[in-house]
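Colleague: A structural model of the following input is requested.
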Amino acid sequence: MIVTNSLKNQHLLWRAGFGPMAENAAELANISQKDLWKLLLKTSAKTPEKIQVADGLADGLYIGIKDLATQSATMTPEQKAAQRKQRQQKSRENLKSLNILWLDEMINSEAQLREKMSLFWHGHFACRVINSYFQQELLDIIRANALGNFGDLLREVSKCPSMLQFLNNQQNNKNHPNENFAREVMELFTMGRGNYTEDDVKQGARAFTGWGFNLQGEFVFRKNVHDTGTKTFLGQTGNFDGDDILNILLDHDQTANFITRKIYRYFVNDKPDDAHVQWLSKRFKSSGYDIKKLLEDIYTSDWFYDEKNIGTRIKSPIELLVGIRRFMPLQLDNDNAQLLFQNVLGQVLFYPPNVAGWPGGKSWIDSSTLMIRLQMPQVFASKESISISPKVDDDVNMGMKMQEQVSIKRNMDFANKGGSADIDWSAVNKIFDNTKRENLAQQIADTLLQTNSRVGSTVLLKYLNQDSREDFIKSAVINLMSTPEYQLS
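Modeller: This next block holds a predicted model:
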């Protein structure tokens with residue numbers, strides 16, 4: 001494979017962001033990777049504005065004890081059930097809005113590096129609660145700290161109400177220690193499985209007793225239920241609290257190694273190079289867990305642009321959807337159509353499958369999801385419908401009970417007006433203004449695919465619209481986006 005300057009820059013934009021936009025795709029041949037990295041840093045430097053869909057806990061689903069007691073005294077069981085259902089539906093609607101608004105940021109924001117890293121942390125700190133206010137606050141923490149200090153991010157996430165509720169630490173007290181939070185902090189957030197003992201879990205759980213949140217959704221340390229006894233954790237003994245445990249974990253070399261290896265697998269290659277990981281890990285730890293410096297070590301290295309790291313990673317459903325919309329500017333008839341695609345392809349924002357998040361890699365692809373992936377560009381461009389099987393999970397379905405087999409178009413009509421789109425092809429056509437007609441198909445392929453596929457003599461050309469240059473570009477883009485090769489970044 002010939003690794004051109006354009007291909008290197010497309011590689012950087014797909015891994016550090018969500019791929020090139022139509023407006024800048026033609027410029028990638030003339031900029032160095034060093035300058036493009038500086039641009040990514042500059043455009044992501046500003047602290048992001050909060051995405052807000054719930055004004056408070058009442059909007060988010062939670063309700064005060066006094067209010068609950070008052071209602072219980074005056075309402076029938078049927079009325080209570082109806083009100084509970086109404087609150088849950090309101091929160092689900094808020095989560096749908098939060099999903100779409102964040103997706104819009106991924107598509108349109110200049111802060112590509114920040115939003116891509118936020119998507120990574122969203123999976124790393126997987127949290128599934130219906131409370132939209134809690135999810136909103138957790139997302140704000142992640143986006144604000146995505147490129148900052150991992151220690152700060154870990155502490156803020158560990159103290160946010162969504163994670164404390166999801167991992168049951170609100171119920172963790174000295175008389176009945178709950179080990180869920182302490183276990184997942186070690187297994188999923190810092191060290192990884194096999195680097196601690198069951199006794200470390202028990203001792204850590206004792207240290208986290210008393211960590212919870214109040215009726216306003218604020219972190220509180222409840223001294224009266226905290227275990228003040230001596231604990232021995234990872235070989236250290238003391239009267240530890242939760243902050244002490246997090247500090248001990250951050251001091252451990254295995255935490256730097258675990259996070260670095262996970263980032264390497266996500267942004268570089270599913271098969272990590274141990275020498276690279278060790279070098280990166282040591283620098284990450286010595287920097288005090290500076291996330292931005294770790295990413296700079298990766299994206300400015302020569303080995304990141306090796307052929308073995310390009311076009312080898314399967315795009316997640318979110319990356320695929322956002323990447324299509326960045327290159328092919330479109331206005332959907334109904335933005336909620338994107339929720340259905342997320343559901344069918346197995347990655348709905350704010351609804352991870354479990355505490356470990358989405359496994360990624362080859363798990364994204366099976367016989368049914370591949371078919372939908374390949375047809376998605378056609379659905380957007382030609383307003384056609386396809387038959388799909390939504391996941392059987394009513395939380396992920398946002399409270400909508402859907403049939404076993406449904407048509408995308410029919411479901412989009414149900415949501416409102418339909419899932420087809422109006423595409424601004426002028427922005428796409430402009431990318432290839434200086435390309436000769438005989439080179440057009442190959443240039444489009446080189447721009448869209450990370451695999452250096454040769455298309456000049458393939459059967460694909462037989463199916464392209466030859467009526468005009470514009471029709472040729474349109475049909476080539478749609479058909480190339482509908483190939484297995486486009487699933488790779």
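Colleague: tell me the contacts of Tyr266?
Modeller: Tyr266 makes contacts with 120, 360, as judged by Cβ atoms under 8 Å, 6 or more residues apart in numbering. From N, CA and C alone the C-beta is placed, and that goes for glycine too.
Colleague: where exactly do the strands run in this structure?
Modeller: 211-213, 219-221, 231-233, 236-238, 330-332, 387-388, 406-407, 421-423 (DSSP state E).
Colleague: least reliable of those going by mean pLDDT?
Modeller: Sorting the strands of the chain by mean pLDDT places strand 406-407 lowest, at a mean of 40.
Colleague: grab the most central residue of the protein for me.
Modeller: Geometric centre of the chain, nearest residue: Leu119, 2.8 Å, by Cα atoms, centre = their mean.
Colleague: quick check: closest non-adjacent residue to Asn169.
Modeller: Spatial nearest neighbour of Asn169, chain neighbours left out: Phe181 (3.9 Å); criterion: Cβ to Cβ, 6 or more residues apart in numbering.
Colleague: one step back: pick the most deeply packed of the strands of the chain.
Modeller: strand 211-213 (a mean of 22; mean count of other Cβ atoms under 10 Å).
Colleague: partner strands of it, parallel or antiparallel?
Modeller: Its sheet considered, strand 211-213 pairs with strand 219-221 (antiparallel) by DSSP bridges.
Colleague: what's the local residue count around the closest residue to Asp433 other than its chain neighbours?
Modeller: Spatial nearest neighbour of Asp433, excluding adjacent residues (Cβ to Cβ, 6+ apart): Ala26 at 7.6 Å. Residues within reach of Ala26, counting by other Cβ atoms under 10 Å, total 18.
Colleague: contacting residues around Ala26?
Modeller: 430-434.
Colleague: could you pick out the buried ones from those residues?
Modeller: 431-432 (16 or more other Cβ atoms under 10 Å).
Colleague: wait, which of the contacts of Ala26 is closest to Leu280?
Modeller: For the contacts of Ala26, the minimum distance to Leu280 (Cβ to Cβ) is 34.6 Å, reached by Ile431.
Colleague: tell me how far that closest one lies from Ile324.
Modeller: 15 Å (Cβ to Cβ, to the nearest Å).
Colleague: now Thr451
Modeller: Noted for Thr451: a distance of 17 Å to Ile324, by Cβ to Cβ.
Colleague: the two: who's more crowded?
Modeller: Ile324 (21 against 18).
Colleague: now for the more buried one: which residues touch it?
Modeller: Taking Cβ under 8 Å, 6+ apart as the test, what Ile324 contacts is 376-377, 380, 481.
Colleague: can you list contacts of stretch 244-258?
Modeller: 150-151, 154-155, 158, 182, 185-186, 190-192, 195, 204, 207-208, 233-234, 236, 238, 240, 277-278, 281-282, 284-285, 289.
Colleague: kindly recompute the last result at 7 Å.
Modeller: Applying Cβ atoms under 7 Å, 6 or more residues apart in numbering, the contact partners of stretch 244-258 are 151, 154-155, 158, 186, 190-192, 195, 204, 207-208, 233-234, 236, 238, 281, 284-285, 289.
Colleague: report the distance from that stretch to the chain centre.
Modeller: Per Cα atoms, centre = their mean, to the nearest Å, the displacement of stretch 244-258 from the mean C-alpha position of its chain is 24 Å.
Colleague: ok so, going back, reformat the strands of the chain as a markdown table; add distance to Gln442.
Modeller: Formatted as a markdown table, the strands of the chain follow (distance: least, Cβ to Cβ, whole Å):
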| stretch | distance to Gln442 |
| --- | --- |
| strand 211-213 | 57 |
| strand 219-221 | 56 |
| strand 231-233 | 59 |
| strand 236-238 | 61 |
| strand 330-332 | 25 |
| strand 387-388 | 33 |
| strand 406-407 | 36 |
| strand 421-423 | 22 |
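Colleague: and of these, who's closest to Leu41?
Modeller: Using Cβ to Cβ, the nearest of the strands of the chain to Leu41 is strand 330-332, at 28.7 Å.
Colleague: what lines up beside that closest one in the sheet?
Modeller: Counting by DSSP bridges, strand 330-332 is paired with strand 421-423 (antiparallel).
Colleague: would you tell me which helix is longest in the chain?
Modeller: Longest helix in the chain, counting residues (DSSP state H): helix 77-108.
Colleague: pull the contacting residues for the residue nearest to Asn169.
Modeller: 167-169, 172, 208 are the contacts of Phe181 under Cβ under 7 Å, 6+ apart.
Colleague: so where's the protein uncertain?
Modeller: 56-73, 80, 83-84, 383-419, 453-459 (pLDDT under 70).
Colleague: ok, now with 80
Modeller: 1, 55-88, 382-420, 452-463 (pLDDT under 80).
Colleague: so what are the domain limits for it?
Modeller: The chain breaks down into these domains under automatic domain parsing: 317-423, 432-478.
Colleague: highest mean neighbour count out of these?
Modeller: The highest average neighbour count among the domains of the chain, using mean count of other Cβ under 10 Å, belongs to domain 317-423 at a mean of 18.
Colleague: kindly check the end-to-end length of that one for me.
Modeller: 20 Å (Cα to Cα, to the nearest Å).
Colleague: ditto for stretch 269-276
Modeller: 11 Å.
Colleague: the closest residue to Asn239 other than its chain neighbours: how many residues sit nearby?
Modeller: Closest residue in space to Asn239, ignoring its immediate chain neighbours: Thr230 at 5.8 Å, by Cβ to Cβ, 6+ apart. For Thr230, the neighbour count with other Cβ under 10 Å is 11.
Colleague: helices of the stretch 301-450 of the chain, residue ranges please.
Modeller: All helices of the stretch 301-450 of the chain, identified by DSSP state H, counting those that start in this stretch, fall at 317-327, 337-345, 367-382, 408-415, 425-431, 440-448.
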